[in-house]
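**Q** Following is a predicted model, sequence given first.
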Amino acid sequence: MSFLKSIFSVKEQSINSYSDFWNWFEQNEKKFHKVLKDQGNINKVFFDRLAPKLNELKDGFWFLAGMYDDNTAELILTADGVIKNIAFVEELVQSAPKMNNWKITALKQPSDLNQYGIEMDGYKFDESQMSFYSTDHKQMPDEIDITITHKDFSEENRAVMTNGIYLALDNSLGELNSVTTIDNVNIINPKDATSELIPLEKLKDFLTWREKEFVEKYKGFRHNTENDNYSGLEATLKNGLPLVAAINTDLLNWDSKASHPWIAVMEIKYDGKNNNGMPDDSTYQLLNEIEDKIMAELKDSDGYLNIGRQTADSVREIYFACVEFRKPSKVLHEIKKEYINKIEQDFDIYKDKYWQSFNRFNPN
């Protein structure tokens, strides 16, 4: 009886680090390789075991797997296009051990759309069906605004067309380029085009050229916020609760915003129902402590600018404009973990070259 008990009470090691994950993976890689190669019950043997282990490590890991060639299995770890998770996918793959018969890949890589065509709801998404052109904006010269045309597009099928075209861009450009090099995507039928159509196969080269031009233009741009002016703003929400904000007005009027195109927002929720949606004294101190910790890690001299904060309706939002997105992802994730048992937090990172999301704070 004691022998049987010891068998059924065995638990797999919990996953608390990248090395824990890869140790577990190495213990099972032969079974995973065999089920992929033999086209067996891949979900049960591999995917249903892999997903919980990745979730133990951190949420936001996604994956694809298959045979790279006759003998090599490939595991592609992906952020599924979510900017704030890209750095962790890259770190996890960089920490992977060398394994015979395995190729571990970070993020979905570019592929030939014509060779690996996408079909969805009866529509094909390849270079024969799609073209593009770029729209220039005088007030936002660095904005990369791309219009994609599809021969079968109509307002009635916009939803499926949008999904298919974004998936096609993901596959054609690769996941990283797809989510970092294009600022805006419009989708139309070719008959509604307002500029000359360019074959979709040239989009990658066009984006590479624009990105190189952008990097060279803003390389090394920094802003010292030490002597900047801040404004206190007050407003009333539609529900009647007050809104209070402290915003760096010198930054809002800066003429080189595009040099810091990534916006990081830390959202902290607290209980303000008995205080008109505002934090009480102890909560206020905790909110300021968290903000101070973020500012200690994300410094203006390194390319991370604290735009300000907004407090209203039991939520504080803290805003940073950043030269890149990887370090803010890691810093905000660590701070979220540090305070997880004290207060509810989450964060997001998105691209906004001209800080249009802060127009509401600018009276001009």
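**A** Done, it's in. Residues are numbered from 1 along each chain as shown.
**Q** Excluding chain neighbours, what is closest to Asp121?
**A** Counting by Cβ to Cβ, 6 or more residues apart in numbering, Asp121 lies nearest to Val160, which is 4.7 Å off, once chain neighbours are set aside. Every C-beta, even on glycine, is put in place using the N, C-alpha and C of the backbone.
**Q** meant to ask about His137
**A** Glu143 (5.2 Å).
**Q** my read: the one you found touches Tyr354, true?
**A** Yes - in this structure, Glu143 is within contact of Tyr354 by Cβ atoms under 8 Å, at 6.9 Å.
**Q** Neighbours of the residue nearest to His137, how many?
**A** For Glu143, the count of nearby residues is 19 (other Cβ atoms under 10 Å).
**Q** now it: how far from Leu200?
**A** Distance check for Glu143 against Leu200: by Cβ to Cβ, to the nearest Å, it reads 20 Å.
**Q** Could you do Asn186 as well?
**A** The value you get for Asn186 to Leu200, if Cβ to Cβ is used, is 14 Å.
**Q** hmm, back to that, what's the helix or strand for the residue nearest to Asp121?
**A** Secondary structure from DSSP states H and E places Val160 in helix 158-173.
**Q** With just CA atoms, put that helix into CSV.
**A** Provided in CSV are the C-alpha atoms of helix 158-173 (Å, rounded to 0.1, in the frame of the first residue of the first chain):
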residue,chain,number,x,y,z
ARG,A,158,-14.6,43.2,-43.0
ALA,A,159,-14.2,41.0,-39.9
VAL,A,160,-12.8,37.9,-41.7
MET,A,161,-10.8,40.1,-44.0
THR,A,162,-9.2,41.9,-41.1
ASN,A,163,-8.3,38.6,-39.4
GLY,A,164,-6.9,37.1,-42.6
ILE,A,165,-4.8,40.2,-43.6
TYR,A,166,-3.3,40.6,-40.1
LEU,A,167,-2.4,36.9,-40.1
ALA,A,168,-0.9,37.2,-43.6
LEU,A,169,1.2,40.2,-42.4
ASP,A,170,2.3,38.2,-39.4
ASN,A,171,3.4,35.3,-41.7
SER,A,172,4.9,37.5,-44.5
LEU,A,173,6.8,39.9,-42.3
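**Q** Packing partners of that helix?
**A** If contacts are counted by 3 or more Cβ pairs under 8 Å, 6 or more residues apart in numbering; DSSP states H and E, helix 158-173 sits against strand 118-120, strand 123-125, strand 145-150, helix 175-180, strand 184-188, helix 203-218.
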